[in-house]
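Student: Build me a model:
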Amino acid sequence: MAKGPTARDFAEHTTERAMQMGNEGMDWMRVIAEQSLNLSKAALEGYLATARKTADTMNIQASEFRERSLSLANEALSHTFEFANQVMHVKDPQEVLRLQSEFLSRQVHTLAERTNELGQLVAQGVNAASRTAAEQIRSAAE
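Tutor: The predicted model follows:
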């Protein structure tokens, strides 16, 4: 006579099935966690690359800004010493006034030109940094 499954067989089968489902669930969770971790790592690496490129762009712009500022200071000092040298050789008080007027006009003109150049340089730097960041964000999204 054939015997049907016993309660013990049923319990073993149910336990075995529960263990399989638990293992499958754990495998699935492991895969999801690994994918999330990889995506997070890629996003952070992209962020750091963007920050690095933006900082490099800003360093280049800052270096150029510094050089142009020093050039302006050098030019202003040169004009000042040239003016002082000319004043030392003046014989007429009217000549001092004319030289002073020319000196001030020249200094104001130089300052206006260089300030305009520096403003354009800053705007270019901001635009370059923005473009770099946008390109990096776009490439990270792909």
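
Student: before we move on, what SS does the nearest residue to residue 13 once chain neighbours are set aside have?
Tutor: Excluding the flanking residues, the one nearest residue 13 by CB to CB, 6 or more residues apart in numbering is residue 5, at 7.7 Å. C-betas here are computed from N, CA, C, even on glycine. Under DSSP: H, G, I helix; E, B strand; the rest coil, residue 5 falls in the coil class.

Student: burial of residue 5, as a residue count?
Tutor: Residue 5 is flanked by 9 other residues according to other CB atoms under 10 Å.

Student: Over to residue 76?
Tutor: There are 15 residues near residue 76, going by other CB under 10 Å.

Student: Show me what the helix or strand in which it is found is packed against.
Tutor: Taking DSSP states H and E as the definition, residue 76 sits inside helix 7-88. Counting contacts by 3 or more CB pairs under 8 Å, 6 or more residues apart in numbering; DSSP states H and E, helix 7-88 packs against helix 93-141.
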